[in-house]
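Q: I need the structure of the sequence given here:
(chains A and B)
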Amino acid sequence: MEYDENGVSIVPFEFKKEIFEEAKKDFRYEEYVRGCLNCGVCTGGCPPHRFFDFSPRIVLQKCKSNDPALVWEMMDEYIWACFQCFTCAMICPFLNSPGGVIAILREIAVRRGFESAKRVLKPYSRVLLKLTAYGNQLSPDMIQPDFFPDWGPHIGYASQDLPLKRKAIPMPTLQVTNLAWDVAPETMKELYTIFDEAGVFKIIEVVDPSLYEIIMDIIDDVRSS
Amino acid sequence: MAVEIKNRLDLAAKSSDYMHIAGRKIENIHEELLELEAKGEVKVIHIKDENKPLYAETLFGWKKKIPTNKLWHHKSCGQCGNIPGYPVSVLWFMNKLGLEYIDERNQTSCTAWNYHGSGTSNPVGLAAVAVRNWHRAYELGLFPLFHCATTFGDYKEMRNLLVENKELRDEVKKIMNKIGRELVIPEEIVHYSEWVHVLRFEIAKLKKYDLSDVIVTVHPACHCYKMIPEDCIYDKEIYAGKRTAVSTGIALALGAKVADYSTWYDCCGFGFRHILTEREASRSFVMDRKIRPMVREANSDVCITQDTGCTTTLDKNQWIGKAMGYTEQVPVMSDVMFAALACGADVFKIVQLQWHTTDWRPLCEKIGIDWKKSEEEYKAYLEELRAGGKTVNLYEYPS
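A: You can find the predicted model right below:
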């Protein structure tokens, strides 16, 4: 993939048009992109705007421009700066939802397996694995000092004697270490059917083929149990 | 500084007849949902008398029915995984109040992390997961109570999309048929903080400690009050109805001082993707936009939250601030954990503050809680369990 001086991938105009059309066809698009006065209230309240070159006003304006090239400029790094807090949607006087548009554009980037999306999602592998294969994520055994050194010395508390500390939690569903709560295998099987039918597994296969293989192995084991 | 703090302490208890309209004209989704039910398009999980509902007003003054009994706990990944005292405190209060509920293994995450964080889902997948979990509560004859703000926001959105889109309903129905379930939608999407809010005066009756010297700053969760904002509780007696009332309401009911701070509306910096993969943004946000204003403007003793990601982000990212010479620190916990502390719940066995990173001991000492005794008892309890002892649970699976 070639990139221009702004880090935006260089592709033919027809492809940009195809991507923009895909976004506009999403049944949520018209709900999220209405009239825009260019007032900038959304950007004024936008948390990531304070730390990134990111503006929900620009997201809306580019969509309203109807120019596929302008929308394409957001498809690499830009869309991944959003915090998904929906401050923009709450305060927009026209009921636009730039955060909602970002969600649509991210889904396209992932579905299409864009290199930028793969790069951004690489550190997500464990979260994706846990959530997709077991039904929940952010398990206690994920909090390891070497991954969160900036969370201070106390973070090691969670990795010492973890099974015993979890056993002491007075809720039976929480007395596990490899999941946030213990999920019944029959429940996991229902989730797999949902993900199969909704095309979620296909999305993961596109964005991370090796993770997909691992998830499928786990699912085979659970299904045959 | 003193004048500044005094002004900030006066705001939370202000009342007015102010009503949010602001030119926003939004269809009442609840009426459309009942119309679909009448046509046989969907089944609705109704809030019945046995759910002992209480009412609250939402942003536009609409009434929201909050069930308080016969509830199905829809847990939160991050709470269960990293802040176990959060759900434990909810159950502790339910036991204290003699309310019925089920906490079971037959539920999945809302999977909205794959929506807001990674984009690795789609509306059909998210809506089907939502309906699957709603249906589990429905078949047990219970009403679902959502612990996580992202679940709350996502499920409000999925409900709206399902009500407004026949194609989505049809797709989800097909999937539900394959797993032996039906398309059901709750009459209301209810967050645990709303349950706490409507029961705040009952909870306050259990209070064991005087909180009148404790200064609280509230961090409202974006996915509670910014996503589908018309479905969120506001109270004309709390911040004059101009800010969401949950969490502030319970802190006031418990007699704590609630202090305003200039960046109350900002998010916590979690950002889904950022907390894992670009944490320098999260921690800068935490210190510059939340913790420092809370301490410098309001002299806060404790930051009260109403969501999973906010609690984690605000608690865990203070230590690193020292590298920038930031000395401000404030303990972070959810509204229900703070209430449990105030009502005498054990610091280690119930509120489980030992998992938190920012020092909470000065807060306990200010309140008058003997955390050292609690720690000793907890250590002895761990040794009992290590020797093969049985956990003293708040809840046991139905036999």
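Q: Centroid-nearest residue for chain A?
A: residue A:106 (7.3 Å; CA atoms, centre = their mean).
Q: That one: what secondary structure?
A: Using DSSP: H, G, I helix; E, B strand; the rest coil, the structure places residue A:106 in helix.
Q: what number of residues lie near the residue nearest to it when sequence neighbours are not counted?
A: Leaving aside its chain neighbours, residue A:106 sits nearest to residue B:119 (3.3 Å; criterion: CB to CB, 6 or more residues apart in numbering or on different chains). For the C-beta atoms, the positions are set from N, CA and C on the backbone; glycine is no exception. Here the count is done by other CB atoms under 10 Å in any protein chain shown, and residue B:119 has 27 residues near it.
Q: Could I get the buried residue list for stretch A:195-208?
A: Residues of stretch A:195-208 classed as buried by neighbour count (16 or more other CB atoms under 10 Å in any protein chain shown): A:195, A:197, A:198, A:200, A:201, A:203, A:204, A:205, A:206, A:207, A:208.
Q: Do you know the pLDDT at residue B:199?
A: What the model reports for residue B:199 is a pLDDT of 98.
Q: isn't it right next to residue B:71, touching?
A: No. When contacts are counted by CB atoms under 8 Å, residue B:199 is not listed as touching residue B:71 (11.8 Å).
Q: if I look at the residue nearest to the centre of chain A, how far off is residue A:99?
A: To residue A:99, residue A:106 is 11 Å away according to CB to CB, to the nearest Å.
Q: How is chain A divided into domains?
A: Chain A is divided into the following domains under automatic domain parsing: A:13-112, A:123-223.
Q: Throw the ones you listed into a markdown table and include mean pLDDT and distance to residue B:184, thanks.
A: Output for these, formatted as a markdown table (pLDDT from 0 to 100; distance: least, CB to CB, whole Å):
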| stretch | mean pLDDT | distance to residue B:184 |
| --- | --- | --- |
| domain A:13-112 | 96 | 22 |
| domain A:123-223 | 95 | 15 |
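Q: Now render the ones you listed as JSON lines, adding distance to residue B:128.
A: Converted to JSON lines, the domains of chain A look like this (distance: least, CB to CB, whole Å):
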{"stretch": "domain A:13-112", "distance to residue B:128": "16"}
{"stretch": "domain A:123-223", "distance to residue B:128": "5"}
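Q: Of those, which is nearest residue B:161?
A: domain A:13-112 (7.4 Å; CB to CB).
Q: OK, contacts around residue B:135?
A: B:176, B:181, B:182, B:184 (CB atoms under 8 Å, 6 or more residues apart in numbering or on different chains).
Q: Check those for burial and list the buried ones.
A: Among the contacts of residue B:135, those classed as buried by 16+ other CB under 10 Å are B:176, B:181, B:184.
Q: Would you confirm that residue A:56 contacts residue A:88?
A: Yes. At 4.0 Å, residue A:56 and residue A:88 qualify as touching, with contact defined as CB under 8 Å.
Q: Pull up the overlap in contacts between these two.
A: Shared contacts of residue A:56 and residue A:88 (CB under 8 Å, 6+ apart): A:42, A:43, A:46, A:98, A:99.
Q: Max pairwise distance over the residues you listed: which two?
A: Pairwise distances across the shared contacts of residue A:56 and residue A:88 (CB to CB) peak at 12.2 Å, for the pair A:43 and A:99.
Q: Please identify every residue contacting each of the two.
A: When contacts are counted by CB under 8 Å, 6+ apart, residue A:43 and residue A:99 have A:56, A:88 as shared neighbours.
Q: now residue B:121: how far from chain A?
A: To chain A, residue B:121 is 6 Å away according to CB to the nearest CB, to the nearest Å.
Q: that's a strand at that residue, yeah?
A: No. Using three-state DSSP, the assignment for residue B:121 is coil, not a strand.
Q: count of neighbours near it?
A: Residue B:121 has 27 neighbours, counted by other CB under 10 Å.
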